[in-house]
Each structure stands twice: as C-alpha cells, then as structure tokens.
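S.K.: Just need the structure, nothing else, for what follows:
(one chain, ligands or ions: 2)
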Amino acid sequence: MNDAEKLFLTQSENKRIVVFGAGQNGKDFIDKYNSLRTIEYVVDNNAELWGCAVCGTTIKNPKELKKDFDDNKDIFTVIAIGRYYSVCLQLNLHMKIKAQIAYIDGEFIDVSEIITDRLSPMNFHNTTLRIETTNRCNLKCSFCAREQLSRDQGDIDDDLFKKIINEAASLGFRKLDLRNFGEPLLDKKLEKRIFIAKKCGFTNIFIYTNGSLLTPERYKSLSDAGLNCVIISLSPKREFELTRKRVSYERIFNNIIQIAKARKRRITEELYAASIEVHIVAPASTDDECRRTEFDLKNIGIKKIVKVHIHNWSDFTEACSCEKHTPCHRLFDSVTVLRDGKIALCCIDYDGKYILGDLAEENLADAINSDKYRAMRKAQLTGKLPSICKTCSNFR
Ligand code: SF4
Ligand code: SF4
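M.R.: Residues are numbered from 1 along each chain as shown. Ligands and ions are numbered 1, 2, ... in the order given. Below is the predicted model:
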C-alpha cells in the first residue's frame with residue numbers, strides 16, 4: 001500500500017468522497033472501494049452523463065463540486081481520469097479546488113505536488129518517456145503528418161539511446177513508449193532496446209504499430225525482450241482502404257489473429273506474453289462499421305479496443321477560440337525525444353520546430369528542468385500559448 005492509498009483509507013468517516021471521472025478508472029475505483037467508504041457522487045465533464053449513475057453512484061456536473069467546496073463541505077477528491085494532471089491543474093486554476101489523490105489503472109497517486117510545484121513534471125514514475133527509435137515508415141496514411149517531415153530519417157544511435165534510458169531510469173521513469181514518428185518494427189534493434197530498458201528498471205514498455213510487420217515470430221521476440229504491450233492501429237475496412245496505402249486490411253487483420261493465437265499459446269505455456277490492444281481510428285466510419293470491427297476483434301480474443309480521435313496536427317485550423325484553454329497534460333506527464341536526441345514539445349510537433357532540449361548535449365534532468373521547458377509549462381498554465389498549441393485540436 002503506498003502513501004496515497006493510506007491517505008485515502010485513513011480519511012475520517014465524515015469526509016465526503018467525490019470522484020472525478022465516470023470512465024473505466026472511476027468505475028474501477030467505485031467498484032473496489034464503495035464497500036469501504038460511501039462515495040458521495042461522481043463528476044464528469046460529459047454533460048450526457050449527468051443524472052446517470054456509475055456502479056450505483058450518481059454522476060453530476062463538476063459545478064456541483066465547486067458549489068460544495070464553496071460551501072466548505074468536507075470533501076476528499078479522487079481524480080480517476082487518465083489525464084489527471086490537466087484535470088488537477090484545471091480544478092485548481094479555474095475552481096480553486098485542490099485534488100488530493102488520483103486513481104489510475106489500479107494505482108493511487110499523490111497529486112498534491114501538482115499544485116505545490118506546477119512547473120515541474122510531477123513524479124517521474126508516472127511520466128511517459130517517448131523515444132522515437134526510428135522515424136522511418138513503410139506505410140503512407142492519409143491522416144499522418146509524416147509526409148511533411150523535413151527532418152533526416154533513420155534510427156536512433158545506440159549509445160544515445162542507452163544514455164537516455166540510463167538517465168531516465170535513474171530519475172525514476174518507468175513508462176516507456178518506443179515510437180513517435182515512424183513504424184517501430186522497422187527498427188531491427190528494437191528488441192535489444194527493450195531489453196536494455198527493462199534491465200534498467202522500466203516496468204511499462206509499449207509500442208504503437210501499424211501491424212503490417214507484426215508476425216507471431218516478431219511478437220515472440222518482443223515479448224521475450226520484455227515488451228509489456230503492443231498497440232495496433234486499425235480502422236474499419238472501408239475507412240482503412242481509403243486512408244492506408246501499401247497494405248491491405250486483410251493482412252493487418254490476419255496478423256492480429258495470428259498474434260492473438262500466439263499470445264494464448266504463450267500464456268498456456270506460462271511464458272511472458274505482451275498484452276495486445278487495438279486502437280480504432282474511425283472518423284469517417286459509421287457506427288455500424290465500428291461495431292462490426294469491434295465485434296470481429298472481440299471474436300478473436302482482443303479484449304482492449306479503444307476508439308481514438310484524430311487531431312489536426314495543429315496545422316490546419318483556426319486558432320482556438322475557447323476562453324479557457326485546458327492546460328495540456330503533455331508538457332507535464334510525458335517527454336518526447338526525437339531520434340537525434342532532441343526533445344520536442346510533444347508528438348504534434350512532428351518536425352521538431354519547438355525544441356526544448358538536446359539529450360546528445362545535455363542530461364535529461366537538466367533538460368526537463370531548464371528555463372525553456374519550465375517556460376513552456378508555465379505557458380500552459382497562464383494561457384499564453386505558443387502558436388502550435390493555439391491551433392491544436394487536441395486539448396480544448
Ligand atoms: S503507419 Fe503510423 S507513422 Fe506510418 S504513415 Fe501511418 S500513421 Fe504515419
Ligand atoms: S501542441 Fe497540442 S498536444 Fe502539443 S503541447 Fe500544445 S496543446 Fe498539447
């Protein structure tokens with residue numbers, strides 16, 4: 001039991017527990033703890049959910065929470081939403097509410113530091129290190145900005161990779177996303193890199209892939225190296241054929257079938273088996289098409305299927321007109337390293353126009369605490385955003 005969990009469990013009976021987030025994390029939390037403590041209510045930004053219930057607990061407008069805080073009701077707030085960092089900042093900036101803990105993927109996190117030192121990444125244990133091991137790709141997807149890359153293309157240097165991994169591991173980083181712009185399976189040294197990271201202490205290593213090269217043999221070698229999760233991008237067949245070039249839907253789907261079988265075999269043989277997730281990109285598909293794709297995937301044993309939205313790469317739309325821009329969590333809970341060691345603002349900064357540091361020249365701790373990096377985080381809090389954020393559809 002960590003300190004954040006103890007903090008929750010030792011709250012007096014009079015405290016009113018309110019959960020922020022009616023999604024999976026919120027459900028899990030209520031399901032697990034409702035028998036120990038009464039959960040007063042849940043708040044969620046999705047107006048369609050207001051008045052409904054999650055595990056028997058009513059979902060309300062976040063304004064109710066604000067009202068209860070203003071009335072000095074003794075409330076203990078649990079943030080149960082993946083982007084807990086920006087929710088904590090938003091609550092504090094716009095509603096003057098201090099959240100106490102977050103509950104994400106079954107883990108309790110003390111979020112008090114977010115408020116005390118808003119300009120630092122919180123705890124590295126929950127910060128994702130994203131490293132572009134390669135920016136080469138074998139496909140051409142119409143929604144991808146890769147075609148516009150003016151950066152050199154190739155794989156990361158081995159010594160540079162080791163340096164970054166060592167520095168990150170000693171700072172306490174444990175989450176590693178081995179891709180940014182490119183297809184990670186084109187990197188022949190990927191397994192070696194996963195093995196190095198695992199040995200250094202990374203406990204959650206994952207890749208996003210287009211699935212075209214994901215054979216059962218590759219899945220086996222990635223699992224053996226210590227990969228925790230492989231996330232495959234797919235669309236319903238009609239949309240897939242409109243948006244992907246150089247590969248067929250059938251090929252990707254067949255690869256998913258084969259690795260799902262390989263995973264089952266490994267689990268039976270008690271071998272380590274990376275989990276499989278499928279992310280569905282479907283802005284142009286009908287509900288029926290999405291349902292059919294999900295049905296087919298569930299039928300072959302894929303349990304985690306996530307529908308993802310497409311963002312605008314910040315290039316193509318008018319500046320955000322929102323009065324209150326949501327502080328973007330990316331500056332606080334992830335670090336994006338390009339294949340030459342430069343730190344980009346985030347994955348939206350595909351061409352590295354907003355470079356915040358250079359890990360070929362400086363160490364990771366100095367880079368993420370540099371004046372430049374802190375100024376960029378401060379911009380998220382004050383709303384004085386760089387132009388790339390102003391036109392980014394991701395966080396509004
Ligand atoms: S597979 Fe990924 S990196 Fe390659 S073009 Fe498609 S979206 Fe871009
Ligand atoms: S460009 Fe978009 S995703 Fe990136 S930091 Fe700005 S708001 Fe966040």
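S.K.: which helix is the longest one in this protein?
M.R.: If you go by DSSP state H, the chain has its longest helix at helix 249-268.
S.K.: pLDDT weak spots in the stretch 251-396 of the chain?
M.R.: Low-confidence segments of the stretch 251-396 of the chain, defined by pLDDT under 70: 312-326, 394-396.
S.K.: can you give me the helices in it?
M.R.: Along the stretch 251-396 of the chain, counting by DSSP state H, counting those that start in this stretch, helices occupy 287-299, 330-333, 364-368, 371-382, 387-390.
S.K.: from the ones you listed, which stretch is densest packed?
M.R.: Across those, averaging neighbours per residue (mean count of other CB atoms under 10 Å) puts helix 330-333 on top, at a mean of 24. Quick note: C-beta positions are derived from backbone N, CA and C, even for glycine.
S.K.: Any part of that one near ligand 2?
M.R.: Yes - contact between helix 330-333 and ligand 2 is present through 330-331 (criterion: CB under 6 Å from any ligand atom).
S.K.: Kindly format the C-alpha coordinates of that helix as PDB.
M.R.: Output in PDB follows, covering the C-alpha atoms of helix 330-333 (Å, rounded to 0.1, in the frame of the first residue of the first chain):
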ATOM      1  CA  ARG A 330       1.700  16.600 -22.300                       C
ATOM      2  CA  LEU A 331       4.200  19.000 -21.000                       C
ATOM      3  CA  PHE A 332       3.700  17.600 -17.500                       C
ATOM      4  CA  ASP A 333       3.400  13.900 -17.900                       C
END
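S.K.: packing partners for that helix?
M.R.: The contact analysis (3 or more CB pairs under 8 Å, 6 or more residues apart in numbering; DSSP states H and E) places helix 330-333 against helix 84-95, helix 371-382.
S.K.: averaged over its residues, what pLDDT does the first one have?
M.R.: In other words, helix 84-95. The predicted model assigns helix 84-95 a mean pLDDT of 77.
S.K.: Give me the angle between it and helix 371-382.
M.R.: 50 degrees (axes from the mean of the first three to the mean of the last three CA atoms, to 10 degrees).
S.K.: From the chain's centroid, how far away is helix 84-95?
M.R.: Relative to its parent chain, helix 84-95 has a centroid offset of 18 Å by CA atoms, centre = their mean, to the nearest Å.
S.K.: what residues does stretch 53-71 touch?
M.R.: 16, 18-20, 22, 26-27, 30-31, 34, 39, 41-45, 47, 49-52, 75, 77, 95-97 (CB atoms under 8 Å, 6 or more residues apart in numbering).
S.K.: Give me the buried subset of those.
M.R.: With burial judged by 16 or more other CB atoms under 10 Å, the buried subset of the contacts of stretch 53-71 is 16, 18-20, 22, 26-27, 30, 39, 41-44, 49-50, 75, 77, 97.
S.K.: mind listing what's buried in stretch 264-273?
M.R.: Buried positions in stretch 264-273, judged by neighbour count with 16+ other CB under 10 Å: 266, 273.
S.K.: Need the CA coordinates for stretch 11-31. PDB is fine.
M.R.: C-alpha atoms of stretch 11-31 as PDB (Å, rounded to 0.1, in the frame of the first residue of the first chain):
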ATOM      1  CA  GLN A  11      -9.800   9.700   5.900                       C
ATOM      2  CA  SER A  12     -12.400  10.200   8.700                       C
ATOM      3  CA  GLU A  13     -15.900   8.900   8.300                       C
ATOM      4  CA  ASN A  14     -17.200  12.400   8.000                       C
ATOM      5  CA  LYS A  15     -15.200  13.200   4.800                       C
ATOM      6  CA  ARG A  16     -17.400  13.200   1.700                       C
ATOM      7  CA  ILE A  17     -15.600  11.300  -1.100                       C
ATOM      8  CA  VAL A  18     -16.200  12.700  -4.600                       C
ATOM      9  CA  VAL A  19     -14.700  11.000  -7.700                       C
ATOM     10  CA  PHE A  20     -13.800  13.000 -10.800                       C
ATOM     11  CA  GLY A  21     -14.200  10.800 -13.900                       C
ATOM     12  CA  ALA A  22     -17.000   8.300 -14.800                       C
ATOM     13  CA  GLY A  23     -14.800   6.300 -17.200                       C
ATOM     14  CA  GLN A  24     -13.100   3.000 -16.600                       C
ATOM     15  CA  ASN A  25     -10.800   4.300 -13.800                       C
ATOM     16  CA  GLY A  26     -13.800   5.800 -12.000                       C
ATOM     17  CA  LYS A  27     -15.800   2.600 -12.300                       C
ATOM     18  CA  ASP A  28     -12.900   0.500 -11.100                       C
ATOM     19  CA  PHE A  29     -12.400   2.800  -8.100                       C
ATOM     20  CA  ILE A  30     -16.100   2.800  -7.100                       C
ATOM     21  CA  ASP A  31     -16.400  -0.900  -7.600                       C
END
